[in-house]
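Peer 1: sequence and predicted structure, then a few things I'm wondering about:
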Amino acid sequence: MLNYTNSETRRILLLLVPAVALWLTAGPVAQGVQRYALETTAGLRASNVTVEAVLHQGRQAVRLTM
Amino acid sequence: MPSAGAVVDYLAVITGTSFQDGTIEAEIAGAPQAGAAEGARGFVGIAFRVQEDLRTYDAFYLRPTNGRADDQVRRNHSAQYISHPAWTWSRFRTETPERYESYVDLVPGEWTKIRIDVRGAQARLFVRDQAQPTLIVNDLKTGAGTRGAVALWIDTGTEAHFRNVSISPAAAAPGR
């Protein structure tokens, strides 16, 4: 079992703060990742296909057919 | 196989997307539809830089029934790059055989994770978290600076499934 002193804990936290800040500002969330679970057909514009929300291999998805 | 004549595009655009450079990830599964013609391969993929006419775009797609075919030539045609309307699979295969197609292990109807990295006129297709790309394209036919939507893509005789699409724009280059 490790015993950290208050000063050691403070030093670790001080090291973590800039790393977390960098991750938050430069990470994928900050860069605007768009995620589409595709559990429904909402937001899909079909062209020459039929789009349906279905379960495939136990996972919610959209199905495209002609 | 898709018709080599008049091109009909079968896709579903994810509305509100605007993509030029970056990364697209998705889980996809494709298989021939019941009663499809013998040449159906379960064509399934992702189109990007899709223009308003819904006919002009780049795309990577898979031919799942080729992945484990007992014919090496078919296996070599498991993954494909196209750029419609001008650059169809058949034109590529005629004019530049092998350059825009590749082998990758696939199972029809099985969920397959893909990642597409696009930078300027270069694009890379990764299948199933592989460290190395399945297919590389160094001359995207839409050019280096085209922007457009992202779409789910299929071709004739296919029943395809899609889930968990994510689109990450490339980080802007630092100013000088």
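Peer 2: Alright, I've got the coordinates.

Peer 1: next secondary structure after the host helix or strand of residue B:49?
Peer 2: Using DSSP states H and E, the secondary-structure element containing residue B:49 is strand B:44-50. Using DSSP H and E, the helix or strand that follows strand B:44-50 towards the C-terminus is strand B:57-62.

Peer 1: average model confidence for that next one?
Peer 2: Rounded to a whole number, the mean pLDDT of strand B:57-62 is 98.

Peer 1: name the helices or strands packed onto it?
Peer 2: Secondary-structure packing of strand B:57-62 (3 or more C-beta pairs under 8 Å, 6 or more residues apart in numbering or on different chains; DSSP states H and E): strand B:44-50, strand B:79-84, strand B:112-119, strand B:122-127, strand B:149-154. C-beta coordinates here come from the backbone N, C-alpha and C atoms, glycine included.

Peer 1: Throw the ones you listed into JSON lines and include mean pLDDT, mean neighbour count and distance to chain A, thanks.
Peer 2: JSON lines is the format used below for the helices and strands packed on strand B:57-62 (pLDDT from 0 to 100; neighbours: other C-beta atoms under 10 Å in any protein chain shown; distance: least, C-beta to the nearest C-beta, whole Å):
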{"stretch": "strand B:44-50", "mean pLDDT": "98", "mean neighbour count": "28", "distance to chain A": "8"}
{"stretch": "strand B:79-84", "mean pLDDT": "98", "mean neighbour count": "24", "distance to chain A": "12"}
{"stretch": "strand B:112-119", "mean pLDDT": "98", "mean neighbour count": "20", "distance to chain A": "11"}
{"stretch": "strand B:122-127", "mean pLDDT": "98", "mean neighbour count": "20", "distance to chain A": "17"}
{"stretch": "strand B:149-154", "mean pLDDT": "98", "mean neighbour count": "27", "distance to chain A": "5"}
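
Peer 1: write out the residues of chain B neighbouring chain A.
Peer 2: Within chain B, the positions near chain A by C-beta under 8 Å from any C-beta of the partner chain are B:8-17, B:27, B:29, B:33, B:54, B:109-111, B:152, B:154, B:156-169, B:171.

Peer 1: mind checking which of those residues land in helices?
Peer 2: With helices identified by DSSP state H, none of the entries of the residues of chain B next to chain A belong to them.

Peer 1: the residues you listed, buried ones only, as a ChimeraX selection?
Peer 2: Remark: buried members of the residues of chain B next to chain A, expressed as a ChimeraX selection using 16 or more other C-beta atoms under 10 Å in any protein chain shown:
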select /B:9,10,11,12,13,14,17,27,29,33,54,109,111,152,154,156,157,158,159,160,161,162,163,164,165,167,168,169
